[in-house]
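Chemist: generate coordinates for the sequence data below:
(one chain, ligands or ions: 2)
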Amino acid sequence: MTAEPTGTPTGTNRLRPRRSCLAVPGSSPRFLEKAQTLPADQVFLDLEDACAPLAKEDARHSIVKALNEGDWSGKTRVVRINDWTTHWTYRDVVTVVEGAGQNLDCLMLPKVQDAEQVVALDLLLTQIEKTMGLEVGRIGIEAQIENARGLVNVDAIAAASPRLETIIFGPADFMASINMKSLVVGEQPPGYGADAYHYILMRILMAARANDLQAIDGPYLQIRNVDGFREVAGRAAALGFDGKWVLHPGQIDAANEIYSPSQEDYDHAELILDAYAWFTSEEGGKKGSAMLGDEMIDEASRKMALVVAGKGRAAGL
Ligand code: GLV
Ligand code: MG
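Modeler: Numbers count the residues shown, from 1 in each chain. Ligands and ions are numbered 1, 2, ... in the order given. I've put the predicted structure just below:
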């Protein structure tokens, strides 16, 4: 019998701002401190690849302390645990959630390969929440797609648990897993001549949107090349992605800007919503169609405007 996920739907949690998702090594008390002062929408305190094997045990405790004692106000608080093929996962979850479950918004599960791996995390979380008297289902899950098997199964993964809030593309591991001929993470491999990431990004975006989840793009490792970051971030944002990882304070402002609508687009979206509201009012409803200047407005334009206006309001425009 297949185990059923037991979390309860998180609804609006899936809409938390995640324009910039800052990676913070859990083994560095200095970075855990500094991250609290930076204007990233989300922080994820890392127990996985930024943490050496021998540092993981101490890092779990540093993270618990930082979550409980730090000031993370205004930020989505996430811990990235190790993937299920390691022997660290269960202790990551038990230590972090028992120690700081009430001060944690989501766990990030890396290298997800199938839906069962998400269900397993959901079940473990539920047991800990019940044992600790925490609200069952409040802690969300973010799933990283980082290899071919994960991408092939992404539709089932995205539907695996009501705790899921985002699907994240992990380009570094992904490039390694498919033998892509490039060593510069996030950059195009030489010799192909087109966008080598288009299929992967769209596949992830469709799975996310079909399940009302956010889609997040992973890291760009050339941390001093902000123009390069802007170009790569701009591509995913144009497709509809909600945010991107940032590895360095210098990338945060760029991500916040790129994943917010421009003032012009935001203003235009609000005008579309006003025009549509008038069209559906007692007075405007007698007209054949809604117009904004020369632009015809319909239900589909209203939906597009709602997305842009929602992001703009969240960004304080
Ligand atoms: C992130 O985890 C990546 O592998 O790109
Ligand atoms: Mg990775």
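Chemist: please count neighbours and contacts with C-alpha atoms only from this point.
Modeler: Noted.
Chemist: what residues does the chain have near ligand 1?
Modeler: Gly170, Pro171, Ala172, Asp173, Gly218, Pro219 (CA under 6 Å from any ligand atom).
Chemist: the closest residue to the third one other than its chain neighbours - how many residues pack around it?
Modeler: With CA to CA, 6 or more residues apart in numbering as the measure, Val185 is the residue that lies nearest to Ala172, at 5.5 Å, once sequence neighbours are left out. As a burial measure, Val185 scores 19 neighbours (other CA atoms under 10 Å).
Chemist: give me the element Val185 is part of.
Modeler: Assessed by DSSP states H and E, Val185 sits outside every helix and strand.
Chemist: what sits against the closest residue to ligand 1 within the stretch 1-150 of the chain?
Modeler: Closest to ligand 1 within the stretch 1-150 of the chain is Glu146: 6.1 Å, counting by CA to the nearest ligand atom. Counting by CA atoms under 8 Å, 6 or more residues apart in numbering, Glu146 touches Pro110, Lys111, Val112, Phe169, Gly170, Pro171, Ala172, Asp173, Phe174, Ser177.
Chemist: so who does the fifth one touch?
Modeler: With CA under 8 Å, 6+ apart as the criterion, the residues that contact Gly170 are Gln144, Ile145, Glu146, Asp217, Gly218, Pro219.
Chemist: how about the residues you listed in TSV, adding secondary structure and pLDDT?
Modeler: Shown next, in TSV, are those (DSSP: H, G, I helix; E, B strand; the rest coil; pLDDT from 0 to 100):
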residue	secondary structure	pLDDT
Gln144	strand	98
Ile145	strand	98
Glu146	coil	98
Asp217	strand	98
Gly218	coil	97
Pro219	coil	96
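Chemist: buried ones only from those residues, please, as a ChimeraX command.
Modeler: Applying 16 or more other CA atoms under 10 Å to the contacts of Gly170, the buried members can be selected in ChimeraX as follows:
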select :144,145,146,217,218,219
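Chemist: identify the farthest-apart pair in the contacts of Gly170.
Modeler: Farthest apart among the contacts of Gly170 by CA to CA are Ile145 and Pro219. That separation is 12.8 Å.
Chemist: show me the domain layout of this structure.
Modeler: 20-259, 263-315 (the TED database).
Chemist: return the member of those domains having the minimum mean pLDDT.
Modeler: Of all the domains of the chain, the minimum mean pLDDT falls on domain 263-315 (a mean of 84).
Chemist: just the terminal-to-terminal distance for that one.
Modeler: 10 Å (CA to CA, to the nearest Å).
Chemist: can you give the distance of that domain from its chain's centre?
Modeler: 28 Å (CA atoms, centre = their mean, to the nearest Å).
Chemist: show me where the stretch 101-250 of the chain has strands.
Modeler: 106-109, 140-145, 164-169, 214-217, 243-246 (DSSP state E, counting those that start in this stretch).
Chemist: with distance to Val94 as added columns, please give those in a markdown table.
Modeler: Below are those laid out as a markdown table (distance: least, CA to CA, whole Å):
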| stretch | distance to Val94 |
| --- | --- |
| strand 106-109 | 12 |
| strand 140-145 | 15 |
| strand 164-169 | 19 |
| strand 214-217 | 26 |
| strand 243-246 | 26 |
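Chemist: Pro190 versus Gly23, what's the distance?
Modeler: Not quite, residue 23 is Ala, not Gly. 28 Å.
Chemist: neighbour count: the two, which is higher?
Modeler: The neighbour count for Ala23 versus Pro190, taken as other CA under 10 Å, is higher for Ala23 (24 against 11).
Chemist: direction included, what does whatever helix or strand the more buried one lives in pair against?
Modeler: Secondary structure assigned from DSSP H and E places Ala23 in strand 20-25. Paired with strand 20-25 in the same sheet, following DSSP bridges, are strand 42-46 (parallel), strand 243-246 (parallel).
Chemist: could you identify which of those strands is most buried?
Modeler: With neighbours defined as mean count of other CA atoms under 10 Å, the strands paired with strand 20-25 peak in mean count at strand 243-246, which reaches a mean of 28.
Chemist: run through who's touching it.
Modeler: Strand 243-246 is contacted from outside by 18-23, 215-220, 233, 237, 252, 255, 259, using CA under 8 Å, 6+ apart.
Chemist: surely Glu33 and Trp72 touch.
Modeler: No. Look at Glu33 against Trp72 with CA atoms under 8 Å: they stay out of range, at 9.9 Å.
Chemist: neighbour count: those two, which is higher?
Modeler: Taking neighbours as other CA under 10 Å, Glu33 and Trp72 compare with Trp72 leading, 19 against 15.
Chemist: let's verify that one: helix, strand, or coil?
Modeler: coil (DSSP: H, G, I helix; E, B strand; the rest coil).
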